[in-house]
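Q: Make a model of this:
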Amino acid sequence: MLAFFTTIRNVISHWWYEFTLQTKLLAVATLVVSLFMSGLTFWAVNTIQQDARLNDTRFGRDLGLLLASNVAPLIAENNLTEVAQFSQRFYSSTSSVRYMLYSDETGKIFFGIPFWEPEVENSLTIKRKIQLPEDYPGDDDQPMVRQHNTPDGLVTDVFIPLIEDQKYLGVLAIGINPNPTVVISSNFTRDVTIAVFITIWVMVILAGVINALTITKPIKELLVGVKQIAAGNFKQRIDLPLGGELGELIFSFNEMAERLERYEEQNIEELTAEKAKLETLVSTIADGAVLIDNNMQVILVNPTARRIFAWEGVDVVGKNVLHNLPQSVQMEITRTLYEMAAGECESAEFRIPLNQPTKRTIRILLTTVLNLQRESIKGIAITVQDITREVELNEAKSQFISNISHELRTPLFNIKTYIETLHDYGEDLGAEDRREFLATVNHETDRLTRLVNDVLDLSKLESGRTYNFDGVDLAQALEQTLRTYQLNAKDKGIELVQEVAPNLPLVMGNYDLLLQVFGNLIGNALKFTPAGGQVAIRAYQLKPPISEQKHPLVRIEISDTGIGIAPEDQQAIFDRFFRVENRVHTLEGTGLGLSIVRNIMERHHSQVHLVSEVGVGTTFWFDLAIFDEEAVPALLQTTGDTSEIAKV
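A: Numbering: from 1, shown residues only. Sure, this is the predicted structure:
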């Protein structure tokens, strides 16, 4: 039960709290006025009723005394018939009398009006006694008056003792009906009071409704509109057909909202344009760029960073950057990021190797982003640079210097040693020894020359030097190469085979560079093919399917039956200073020949391929485009050779 009342109280409190101050004041004022009017009306009704009761009391007392004085002698004489007739006449002539009861000294009723009437005649057979008040004096000659409520109104009961010759004969009880005029007046006053009370509340409710429709509703609409504007919803409008000051206020509000909406659209367009410019600028940066806030949430990331960190197709914006970085990067920069977010440092640099998604080395630069006043940190900019090529070039540079130093040191040392020996002991040496020493010096000098020439050739190819491209007759170039190496092959007992297709078309290329390619490949084949082996040179035109509509090509193959190349060496065979003889410990070489071949083929927009099996042999092959005069400018433009366009 207590919980129920507590719930009711909470509901009423919440309901009352929802009302505005104006509504609360109006309700309190209405309650006070209605209570005041009700109290005033109650006081008037109560005064009227008190006056009516007093008048009824006086009237009943006087009427009872008059009736008692007339019937007491008749009762003393036991002339009940006369008493009944007199009482009947009196009752019939007096409308204010409600009942008349006669009882003896014991209280037993021996006559009563209207109880003798036929409809209640049977009730007289029942012995009845009058119920006298407890404080009734009995033998006192003064009447006693009391009142009780009935459905017809307030009835006045008058008890008059019947005394004759100082002898107590019994009691006369008379009931006096209320004064009809007073009853009507009292009821009218009561009805007026109720009507006034209801009217007041109806007027208040109507006033509240009118107030809500005319004043409160527009004010609430304005309040909601102002809150929406404050929240950034500038599309809010108020559509109420009101005039006067409220109408002007609503019109001004709508005009203000419309201007704010236009300003917002203009600002959004400007911000969107600036954001698009920024994103376009960031997306075109070659380095990776990631912008995060102080909570490590990603705000902006460009495509380069997505590619480096394998974030393609991953929604990282709005998420913690540390949860998406590779493990090695996360371990390196986590502590520094939190220190920068706390303002303990402004920048940092890291160099981190990555194994996923591809093996590479990156440089990460961390820089704090400050506000305009440079007082607080708004975020951290992460710049990611892919320095894999730089690292490889540095390693290649170091390796090149190391290799070239080693390759130069060996022939120079041999030349110096033999010349010093000839200088110091030349007279003591025989003619045969001196010739042998000079032959060794000559051989080492040739080796040194080849090394220097190969280095110069590779340097020229990698320097971007322009070359003249023209139609090249492959049959002539291969024939010239074979004549050069014919004696060498004969001395080693190796068969040279030439298989060039007849009527082979001219190919696009540089004659001297192609001679160098053929020379290096055939020279290597002869070097690594034992006596009795074979070196074959083939050239034929490829015929691609008509559906592919590719440019026709000519394929050149140089194959041998030599020692072959191990699978683990086939990927590195074109690197500078890489030599198979370093592993087999047999033949000499500079280790630059195949690197030169690869660079020359790249100049020709082609690529060298190989197929090899240890102990079986090796085949190198590449494709060259058939000469087309119209294709020369395009080829030279892509290679940067527009300064020297070949004349056919």
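
Q: check contacts around residue 260.
A: Counting by C-beta atoms under 8 Å, 6 or more residues apart in numbering, residue 260 touches 229, 234. Bear in mind the C-beta positions are built from the backbone N, C-alpha and C, glycine included.

Q: Next secondary structure after the helix or strand bottoming out on mean pLDDT in the chain?
A: Lowest by mean pLDDT, DSSP states H and E among the helices and strands of the chain is helix 581-584, with a mean of 46. Downstream of helix 581-584, the first helix or strand assigned by DSSP states H and E is helix 593-603.

Q: Can you tell me which helices and strands that following helix packs against?
A: Helices and strands touching helix 593-603, by 3 or more C-beta pairs under 8 Å, 6 or more residues apart in numbering; DSSP states H and E, are helix 431-462, helix 511-527.

Q: of those, which approaches residue 35 most closely?
A: Closest to residue 35 of the helices and strands packed on helix 593-603, according to C-beta to C-beta: helix 431-462, at 107.2 Å.

Q: Quick test: name the residue nearest the centre of the protein.
A: residue 318 (7.4 Å; C-alpha atoms, centre = their mean).

Q: what's the most far-flung residue of the chain relative to its centre sitting at in phi/psi?
A: Centroid-distance maximum for the chain: residue 77 at 113.4 Å, with C-alpha atoms, centre = their mean. Main-chain dihedrals, residue 77, degrees, to the nearest 10: phi -80, psi 0.

Q: just residue 396 next, same as before
A: phi -60, psi -40.

Q: Strands along the stretch 351-500 of the chain, start to end?
A: 360-370, 377-386, 470-472, 495-500 (DSSP state E, counting those that start in this stretch).

Q: residues of the last one that come out buried?
A: Along strand 495-500, the positions that meet the burial threshold by neighbour count (16 or more other C-beta atoms under 10 Å) are residue 496.

Q: export stretch 597-610 as PDB, just CAs?
A: Extracted in PDB, the C-alpha atoms of stretch 597-610 (Å, rounded to 0.1, in the frame of the first residue of the first chain):
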ATOM      1  CA  VAL A 597      72.500  -6.800 -71.000                       C
ATOM      2  CA  ARG A 598      69.500  -6.100 -68.800                       C
ATOM      3  CA  ASN A 599      70.000  -2.400 -69.000                       C
ATOM      4  CA  ILE A 600      70.300  -2.500 -72.800                       C
ATOM      5  CA  MET A 601      67.100  -4.600 -73.100                       C
ATOM      6  CA  GLU A 602      65.300  -2.100 -70.800                       C
ATOM      7  CA  ARG A 603      66.300   0.600 -73.300                       C
ATOM      8  CA  HIS A 604      64.700  -1.500 -76.000                       C
ATOM      9  CA  HIS A 605      61.500  -1.900 -73.900                       C
ATOM     10  CA  SER A 606      62.200  -5.600 -73.600                       C
ATOM     11  CA  GLN A 607      63.200  -8.000 -70.900                       C
ATOM     12  CA  VAL A 608      65.800 -10.800 -70.800                       C
ATOM     13  CA  HIS A 609      64.500 -14.300 -69.700                       C
ATOM     14  CA  LEU A 610      66.400 -17.400 -69.000                       C
END
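
Q: tell me which residues of that stretch are tucked away?
A: Buried, per 16+ other C-beta under 10 Å, within stretch 597-610: 597-601, 603-604, 606, 608, 610.

Q: Kindly report the same for stretch 374-391.
A: Residues of stretch 374-391 classed as buried by neighbour count (16+ other C-beta under 10 Å): 377, 379-386, 391.

Q: chain center to stretch 97-113: distance?
A: Its chain's C-alpha centre and that of stretch 97-113 lie 97 Å apart, by C-alpha atoms, centre = their mean, to the nearest Å.

Q: Look at it and report the distance between its end residues.
A: 10 Å (C-alpha to C-alpha, to the nearest Å).

Q: going forward can the numbers begin at 28, since that is how I track them
A: From this message on, residue numbering opens at 28, which makes the last subject stretch 124-140.

Q: in stretch 558-568, what counts as buried?
A: 560-566.

Q: quick one: contacts for residue 364?
A: 319, 323, 349, 393, 407.

Q: List only those of those residues flagged as buried.
A: 319, 323, 393, 407.

Q: so the first one sits right up against residue 326, yeah?
A: Yes: with contact defined as C-beta atoms under 8 Å, residue 319 counts as touching residue 326 (6.2 Å).

Q: residues bridging contact with the two, i.e. touching both?
A: residue 406.

Q: Give me the next element, helix or strand, following the top helix by length along the chain.
A: Assignment by DSSP state H gives helix 48-103 as the longest helix of the chain. Remark: after helix 48-103, the chain's next helix or strand is helix 107-120, criterion DSSP H and E.
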